[in-house]
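1. sequence? don't have it. structure:
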Ligand SMILES: Cc1cc2nc3c(=O)[nH]c(=O)nc-3n(C[C@H](O)[C@H](O)[C@H](O)COP(=O)(O)OP(=O)(O)OC[C@H]3O[C@@H](n4cnc5c(N)ncnc54)[C@H](O)[C@@H]3O)c2cc1C
């Protein structure tokens, strides 16, 4: 027997559970089921973001670390940013998701189940799951997106460690330290001190090919040695792959037809192609979607503007075609901006002045070449469709 619902949300991750919590808080919530096979603790990882004080305070229950200063380092220089307005936060995804789940109440529920197949019918979609089936007027699907085979990925392996000695500058987040092996792609160490004896260190590679785990572990060990940091204990290890070149299905967004099946979150293109950050774009998309649903508008807003996606694609095109420039692109960008401007830039909220600063700092030739190449590609795609 199948259960009838107004809305089925597939996947209880950032997008799915944030949406469910917002719907549960509405005056007349639609009947909603969130279908998620794994517990929040099974999926725990670190989610980082820039946030103004108000949002940072709201996220305090899931915050593991909060910094006002951060740095980027290459072989010859160091750029240090500080901000009075923005915080760099690292969240426990499990604590965030458990917080959302705790806000659910009838008629919005979370079930532990896995979706197998979707069958769209005239007025609803049949959803077959491991444990049964549902009939939903609207489906929001947040299952992880398809990754372009030759697309760029951000892949990393990280250790939470206890250090023997106190960490030198525990109020400084290291976003990118490029003083590591650059032979396999753009490689940097990301290091977040959660206290004066607790450090997260990740070896992160931006490239098409993922490396064996030993490669990242070796990079972490070398970096620790070079920075004279002795490990008292490895608390845990985490790894992940963030697609930076997602294949977004054509009908993923902005349709109000019934039955509606639309992607949300990363699957709808919420991951910034140039940085891999997605949290804030998802929050914004889901906030707008929930407000729309309250007004009877079920359409999913585009999470990242097409202008920003185009700029990011040009940036990635330069990264792929000119790997020799990769480190300098990030360093030039950081050097051109102060802490507030950099935070806005990473949040996708850069002002015209912020953009002018970044554009002025970039090497013009490779970017113009890439922009022309991508414009020609788009034109030929349009012509072949016509
Ligand atoms: C390891 C990792 C680290 C990241 N770190 C950051 C970061 O620091 N900052 C940032 O901004 N972004 C980060 N990202 C980007 C990340 O994609 C988003 O922040 C966020 O998790 C995406 O939310 P989402 O809801 O779209 O997808 P998810 O949170 O991945 O949720 C999708 C859900 O679908 C579920 N699912 C899968 N198959 C089925 C099925 N058959 N039936 C039902 N459910 C199913 C999965 O279990 C999962 O819970 C990271 C991504 C990864 C993979």
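-> Perfect, thanks for sending it. From a predicted model like this one, the values you see are computed outputs, not experimental measurements.

2. and for residue 130, the neighbour number?
-> 11 (other C-beta atoms under 10 Å). To be clear about C-beta, it is placed using only N, CA and C from the backbone, and glycine gets the same treatment.

3. get me the contact residues on the stretch 1-150 of the chain for the ligand.
-> Counting by C-beta under 6 Å from any ligand atom, the residues of the stretch 1-150 of the chain lying close to the ligand are 10-16, 35-38, 43, 45-49, 114-115, 142-144.

4. sitting in strands, which of these do you find?
-> Mapping those onto strands (DSSP state E) picks out 10, 35, 36, 46, 47, 48, 49, 115.

5. hey, what's the third one bridged with?
-> This means residue 36. Residue 36 has these beta-bridge partners by DSSP bridges: residue 112.

6. list the contacts of residue 310.
-> residue 374 (C-beta atoms under 8 Å, 6 or more residues apart in numbering).

7. assumed it was part of a helix.
-> Yes: counting by DSSP: H, G, I helix; E, B strand; the rest coil, residue 310 is part of a helix.

8. residue of the stretch 251-386 of the chain closest to the ligand, please.
-> Per C-beta to the nearest ligand atom, residue 265 is where the stretch 251-386 of the chain lies closest to the ligand, at 2.3 Å.

9. now do the longest helix anywhere in the chain: everything it contacts.
-> Counting residues, the longest helix found in the chain (DSSP state H) is helix 364-385. Outside helix 364-385, the residues that touch it by C-beta under 8 Å, 6+ apart are 310, 313, 314, 317, 318, 321, 322, 325.

10. list the buried residues in it.
-> Judged by neighbour count using 16 or more other C-beta atoms under 10 Å, the buried positions of helix 364-385 are 366, 367, 370, 371.

11. now intersect the contacts of helix 364-385 with the helices, please.
-> Using DSSP H, the contacts of helix 364-385 in helices are 310, 313, 314, 317, 318, 321.

12. of those, which pair is most distant in space?
-> Taking every pair in the ones in helices among the contacts of helix 364-385 and measuring C-beta to C-beta, the maximum separation is 16.3 Å, between 310 and 321.

13. and residue 322, how many neighbours?
-> Residue 322 - counted by other C-beta under 10 Å - has 17 other residues nearby.

14. could you report the pLDDT at the residue nearest to it when sequence neighbours are not counted?
-> Once flanking residues are discounted, residue 322 sits nearest to residue 366: 5.1 Å by C-beta to C-beta, 6 or more residues apart in numbering. At residue 366, the predicted lDDT confidence score is 93.

15. I'd like the numbering to begin with 313 instead of 1 from here.
-> Sure, I'll start counting at 313 from here, so that last one is residue 678.

16. before we move on, back to that, list buried residues within the residues of the stretch 313-462 of the chain next to the ligand.
-> 322-328, 347-348, 358-361, 427, 454-455.

17. just curious, which of the residues you listed is nearest to residue 664?
-> Nearest to residue 664 among these, with distances taken as C-beta to C-beta, is residue 361, at 23.5 Å.

18. name all residues that make contact with the closest one.
-> Residue 361 touches 400, 401, 403, 589, 591, 592, counting by C-beta under 8 Å, 6+ apart.

19. any chance of the residues you listed in a markdown table with neighbour count, secondary structure and pLDDT as columns?
-> Listed next are the contacts of residue 361 as a markdown table, based on neighbours: other C-beta atoms under 10 Å; DSSP: H, G, I helix; E, B strand; the rest coil; pLDDT from 0 to 100:
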| residue | neighbour count | secondary structure | pLDDT |
| --- | --- | --- | --- |
| 400 | 23 | strand | 98 |
| 401 | 23 | strand | 98 |
| 403 | 25 | strand | 98 |
| 589 | 19 | coil | 93 |
| 591 | 22 | helix | 97 |
| 592 | 19 | helix | 96 |
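
20. so what's the backbone phi/psi at residue 477?
-> Torsion angles at residue 477 (phi, psi; degrees, to the nearest 10) stand at phi -100, psi 160.

21. just give the closest residue to it, not the sequence neighbours.
-> Nearest to residue 477 is residue 542, by C-beta to C-beta, 6+ apart, at 6.5 Å.

22. contact partners for that neighbour?
-> 475, 476, 477, 536.

23. for these, work out which two are farthest apart.
-> Largest separation among those by C-beta to C-beta: 477 and 536, giving 11.7 Å.

24. of those two, give the one with the bigger neighbour count.
-> Applying other C-beta under 10 Å to residue 477 and residue 536 shows that residue 536 carries more neighbours, namely 19 against 11.

25. ok, and what's touching the helix or strand where the more buried one lies?
-> In the assignment (DSSP states H and E), residue 536 maps to helix 525-538. Here helix 525-538 makes contact (C-beta under 8 Å, 6+ apart) with 468-471, 489, 491-493, 496, 499, 501, 503, 513-515, 517, 542-543, 551.

26. separate out the buried members of those residues.
-> Those of those that meet the buried threshold are 468-471, 489, 491-492, 499, 501, 503, 513-515, 517, 543, by 16+ other C-beta under 10 Å.

27. of the residues you listed, closest to residue 387?
-> residue 491 (5.8 Å).

28. report the contact partners of the closest one.
-> Residue 491 makes contacts with 385, 386, 387, 501, 535, 538, as judged by C-beta under 8 Å, 6+ apart.
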